[in-house]
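Novice: generate a structure from the sequence data that follows.
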Amino acid sequence: MKCKWFSILFAFMVLLYTVNFSVAQDTVKIGVLAKNGPAKALSQWKATGDYLTASLPGNQFEIVPLDFKEVNTAIEQGSVAFFLVNSSMFVEAKVRYGSVAVATMINSRQGKPLKAFGGVIITTADNDGINELKDLKGKTFMAVSKSSFGGWQMAYKEILEGGVDPFSDFGKLEFGGKHENVVLAVLNGAVEAGTVRTDTLERMVAGGSIFLDDFKVINKQVHPEFPFVCSTTLYPEWPLARIAATPVDLSDKVVGALMKLKPEDAAAKNAKVVGWSGALDYGPVEELQKRLKIGAYAGK
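Specialist: Here you go, the predicted model:
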C-alpha cells in the first residue's frame, strides 16, 4: 500500500514539475522583416525560433513577422526583444533607439558562404543608349522600394556619386515592390533600367525565368571571391540585433547558440543560411545613410 501511494505521489510531483517548467518559460520575441509577406517569413525563420527554444531551456522563442512600417514601432515599444532586418534598417534603429547588432547572418548562395552583398544596376543587353551611370540621366528607372537596401539605397549612392540625381535627373523613377518585378520590368521594356539586390539575376536564371545574356550590367564592379554580378560597394549582410532593453546575458546566450548552428540543421536550411558570425561593422552602412540623408539621417 505504501509503495502504491509513493508511486502516486511521485507521479504527481513529476506532473507538477512539468507544469511549473512550462509556465516558467519566458517568451522571447524575435521580429523579422517580412519583405515577402508573413507566411514566407514564418516558413523561413520559425525553425530558427524552435532551434533557440531547444538550445536555451526556460525560453520560448517566437518569430514575429513585421512589415516595413511595423519594424520601428516594434523596436520603440519593446514588443520584440530581438529583430532581424536589412542592414540599413538596423542602422536607423541603432541611431534612434540604441539597438545593438549581436550577430550577422552568413548567407548560402550558390554553395558559397557570404557575409556581404551589394546591388546590381541593369538594362537590356541591346540598349545601346545606356552604358555607364551618366547615361541614366533622362531615362526611366525602377528600384524595389525606398527602404530596400540592396534593391535601391546602394545603387542610389553609386548613381548620385556618378553625377546623376535620381529624383531630379531621371525621366521617371518607379518602385516595383519586389526584386523580380524590377528585373521583369527591365526585360519587358516597361522601364529602361533598374536595380536589384545581388544574386537576384542568378537566382532567376537558375529558376528558368530569365537568361543572364539578356542583360547588361552598368557600373560593373569586381569583388574578390564574390560570385555575383555587382554594381556597388559590398556591405555586411543582415544583422540580428537586440533592442536596448534586452538583457546582455540573454543576448550572449542567443549568439552562443547561433554560433553552434550547422549548415545541415533545419534552422539553417529553412533560412537558407550557412550559419552566423559575430556582428560585423555596420559603419559603412551608416555612412551611406549620412551621404544620402536617409533613414536615421533623413532631413539632416
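Novice: low-confidence ranges, this protein, go.
Specialist: For the chain, applying pLDDT under 70 flags the ranges 1-25.
Novice: ranges for the helices of it?
Specialist: 2-24, 38-55, 71-77, 87-97, 154-161, 166-169, 179-187, 200-206, 248-259, 266-271, 283-292 (DSSP state H).
Novice: which one of those helices lies closest to residue 242?
Specialist: helix 248-259 (4.7 Å; CB to CB). Using the backbone N, CA and C atoms, a C-beta is placed for each residue, glycine as well.
Novice: now the angle from the closest one to helix 38-55?
Specialist: Interaxial angle of helix 248-259 relative to helix 38-55 (axes from the mean of the first three to the mean of the last three CA atoms, to 10 degrees): 100 degrees.
Novice: if we can go back for a sec, between the helices of the chain, which one is closest to residue 105.
Specialist: Of those, nearest to residue 105 by CB to CB is helix 266-271, at 7.6 Å.
Novice: buried ones in the closest one?
Specialist: Neighbour-count burial for helix 266-271, counted by 16 or more other CB atoms under 10 Å, picks out 267-268, 270-271.
Novice: now distance to residue 100 too, for those residues, in JSON lines please.
Specialist: JSON lines is the format used below for the buried residues of helix 266-271 (distance: CB to CB, whole Å):
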{"residue": "267", "distance to residue 100": "22"}
{"residue": "268", "distance to residue 100": "24"}
{"residue": "270", "distance to residue 100": "26"}
{"residue": "271", "distance to residue 100": "21"}
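Novice: pick the one among these closest to residue 156.
Specialist: Relative to residue 156, the closest of the buried residues of helix 266-271 is residue 271; by CB to CB it sits at 27.8 Å.
Novice: quick one: the closest one from residue 42, how far?
Specialist: From residue 271 across to residue 42, the span is 11 Å (CB to CB, to the nearest Å).
Novice: so what's residue 163 up against?
Specialist: 133-134 (CB atoms under 8 Å, 6 or more residues apart in numbering).
Novice: the same query, at a cut-off of 10 Å, please.
Specialist: By CB atoms under 10 Å, 6 or more residues apart in numbering, the contact list for residue 163 reads 133-134, 136-137, 169.
Novice: what do you get for residue 134?
Specialist: Listed by CB under 10 Å, 6+ apart, the contact set of residue 134 reads 159, 162-164, 169.
Novice: list the contacts of stretch 44-51.
Specialist: The contact list for stretch 44-51, computed with CB under 10 Å, 6+ apart, reads 28-30, 32, 34, 36, 42, 60-65, 84, 240, 257-258, 260-261, 265-273, 276.
Novice: PyMOL command for the buried members of those residues?
Specialist: In PyMOL, this line selects whichever of those come out buried by 16+ other CB under 10 Å:
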select buried, resi 28+29+30+32+34+42+61+62+63+64+65+84+240+257+258+261+265+267+268+270+271+273+276
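Novice: would you point out the most distant pair within the buried residues of helix 266-271?
Specialist: 268 and 270 (7.5 Å).
Novice: residue 123 touches residue 182, doesn't it?
Specialist: No. Using CB atoms under 10 Å, residue 123 is not in contact with residue 182, being 11.7 Å away.
Novice: so which of those two has more stuff around it?
Specialist: Counted by other CB atoms under 10 Å, residue 123 and residue 182 do not tie: residue 182 has more neighbours, with 30 against 24.
Novice: the more buried one reaches residue 188, doesn't it?
Specialist: No. Applying CB under 10 Å, one finds residue 182 not in contact with residue 188, separated by 11.1 Å.
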